[in-house]
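Engineer: what shape does this take:
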Amino acid sequence: MSHASNRTLAPRTRVAELLTLATRFAFAALLFSSPWMVQWLDIKRRVEPVFAGYTDFFLYPSDLFLGLTVALGLLAPLVAGAPLKRGPRFFFFPFLLLVALSFVSALMSIDPALTIYHSVRMLFLFGLYLALVNTPLRAAWVTVPLALAVMVQGSVGITQFFKQSSLGLQGWGELNLNPAETGVSILRYDDLRILRAYGLTDHPNLLGGFLTFALVYILGYYLHPAHGRARYLFLAPLALGIVALFFTFSRSAELAFGIAAALMIIALLQDKPAQRQRARDLGIAIVLCAFLLLPAVVNNQRLLAQRAGLANAFSENVGEERSLVERDELLESANRLFYRHQLSGVGNGALALGMFYLDKEFPREQYYYQPAHLVVLDVAAELGILGGFVWLWLMLAPLAVMWQKRARFISDAWCAAVAAAVVVTFVVGLFDYYPWIWQSGRIWQWSAWGLFAAVFVSIPSRGVHE
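Structural biologist: Coordinates of the predicted model:
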C-alpha cells in the first residue's frame, strides 16, 4: 500500500516543483518588466482635460507576468496538497478588507466601470501577495532581475540626461523627450530647460522609485556573505543605479533611498560578529559610488541646490514654486472630496475624475487633475475613511514588526533589505501617489509586502539571539 502511495505522489510532487520553479521565473520577469509602461492595449475612455492614464483601461507586459505569477504560485501548493499559507494576520485580513472596500466603492463611484477595473487589478495584487507567501524564493530570484533592469533603465536614463533628448527607443517604450516641449518633466534655471532622466518609464519619479526599490535589495544581497564572491558583481548595478537615481532628481525617491539604506546599514553594523566584514564591504561600495557620483554632483550643483530649495529656489524659481503650489492644491482638493464622501469615497481609481466633476474650487485652468501626492489621503478619498485607516495600518504595522523582530533583521542582510524595501514604499507614499495608482508602483508596493510577509513567516516568535 505504501509503495503504491509513493508512486502516486511522486509525479504530483514533481509537477508541484515545476510549478514552483515556473512561479519563480514569472516573478523574476514581473520584477524585470515592472518599470516599463508599454501599453499592449489601450481602451480609450477619454474625459478631457483629464489625463488618459486616469481614465483609460490598459494592458501592460507586466500584466502577463503578474497573472502567471498568481496562477502558478497558487496552483503549486494546491497540486502539492499543501495548505495555502495566508501570511501574518496583520497583513492578510487588512488586504482582504481593502479588496472588499474597493469592489464596494464601485456602487458609489464617479465611474463604476473604472473602479471595477482597478478593483480587479487590486485582486490580482492580493493574489501576488499570496503567491509570494507560498513560494520559497532565494534572494537571487529577486535581485538578479532587478539588477538587470537597473542596468538597462539606468543606462538609458543617464544617456538621456547627457544627450538631453530621447534615444530613439520608442519601440521599447521610451517617450518622445524634448525639454523644449510642454508636458516633459524638466528642471529650469535662468532660461535653460534641463531634461530629467526617464529611462523607459513614464516619468522620472517612476524611474527614481524603481531604482530605489531595486537598490535596497541589491545592497542587501551584496552585504550577505553567504552569497559568495559573486555578490561583488552587484557593485556594478549598485553604482550605476545610484548615479541614475541622482539624474532623476526625484526628491521622494532619493529621500526614501537615503532613509532606507541608512536604517539598513545602521542595523547591520549592530551585529558584532559580522561587523568588520560588513564595514569593509560597505567601504568598498561607498568609495565606488562616491567616485562615480562626485562628477555628477559637481557638474550639477545648481540643479541640486534648486531641488533642495537653496537660495530661495522654492519661492523664486518658477518651476519649483509651481510644483509646490500644485501639490498644495491637489492636497486641498483631495481633502475636500474626502470630507464630502467620508463613508463611501469617490471610487477606487476615480480621484482625478472626482476632482474634475465634483470639485469646482480646483484651479482647473492652472493645474492638471491628478491624485494628491499623499497615498493615505488618496485611499481615504477613493475608498472612504475605513479604507484610509486600513492603508495607515498597512504602513505602520510592518514598522512595529521590524522593531519586534529586530534581532533577525540585524543578523541577516537579506532580511534587512526586505524590510528596507517596505520602508521605501512607506516614505515614497508620503510624497507621491504611484504606489497606489500606477501599475509599476503597485507591483513594487505589493511585492515588498509579500516578500516581507514571507520573511516574517520564517522568523521565530522570539528573536534568533534571544
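
Engineer: so where's the stretch 1-150 of the chain uncertain?
Structural biologist: 1-9 (pLDDT under 70).

Engineer: mind listing the strands for it?
Structural biologist: Secondary structure of the stretch 1-150 of the chain (DSSP state E, counting those that start in this stretch): strands at 41-43, 57-59.

Engineer: direction included, what does the first one pair against?
Structural biologist: What it means is strand 41-43. strand 57-59 (antiparallel) (DSSP bridges).

Engineer: which residues does the partner strand contact?
Structural biologist: The contact list for strand 57-59, computed with C-beta atoms under 8 Å, 6 or more residues apart in numbering, reads 39-43, 45, 114, 117, 439. C-beta coordinates here come from the backbone N, C-alpha and C atoms, glycine included.

Engineer: mind checking which of those residues are buried?
Structural biologist: 114, 117, 439 (16 or more other C-beta atoms under 10 Å).

Engineer: of the residues you listed, closest to V144?
Structural biologist: The nearest member of those to V144, counting by C-beta to C-beta, is Q439 at 21.9 Å.

Engineer: tell me who's in contact with that closest one.
Structural biologist: Going by C-beta under 8 Å, 6+ apart, Q439 touches 34, 37, 58, 60, 62-63, 121.

Engineer: tell me the most packed of these, by neighbour count.
Structural biologist: Counting neighbours by other C-beta atoms under 10 Å, S34 leads these with 28 neighbours.

Engineer: quick check: that residue touching G441?
Structural biologist: No. Judged on C-beta atoms under 8 Å, S34 makes no contact with G441 at a distance of 9.1 Å.

Engineer: the residue lying closest to V15 once chain neighbours are set aside: neighbouring residues, count only.
Structural biologist: Leaving aside its chain neighbours, V15 sits nearest to V79 (5.4 Å; criterion: C-beta to C-beta, 6 or more residues apart in numbering). Using other C-beta under 10 Å, V79 has 16 neighbouring residues.

Engineer: how about the one 5 residues further on?
Structural biologist: Number of residues near L84 (other C-beta under 10 Å) recorded here: 10.

Engineer: ok, it to V401 distance?
Structural biologist: L84 sits 22 Å away from V401, going by C-beta to C-beta, to the nearest Å.

Engineer: residue contacts, A26?
Structural biologist: Contacts of A26 were listed using C-beta under 8 Å, 6+ apart, and they are 65, 68-69, 72-73.

Engineer: what do you get for A149?
Structural biologist: Taking C-beta under 8 Å, 6+ apart as the contact definition, A149 lies against 31-35, 210, 214.

Engineer: and the helices in the stretch 151-300 of the chain?
Structural biologist: Along the stretch 151-300 of the chain, counting by DSSP state H, counting those that start in this stretch, helices occupy 204-222, 235-248, 251-268, 275-299.
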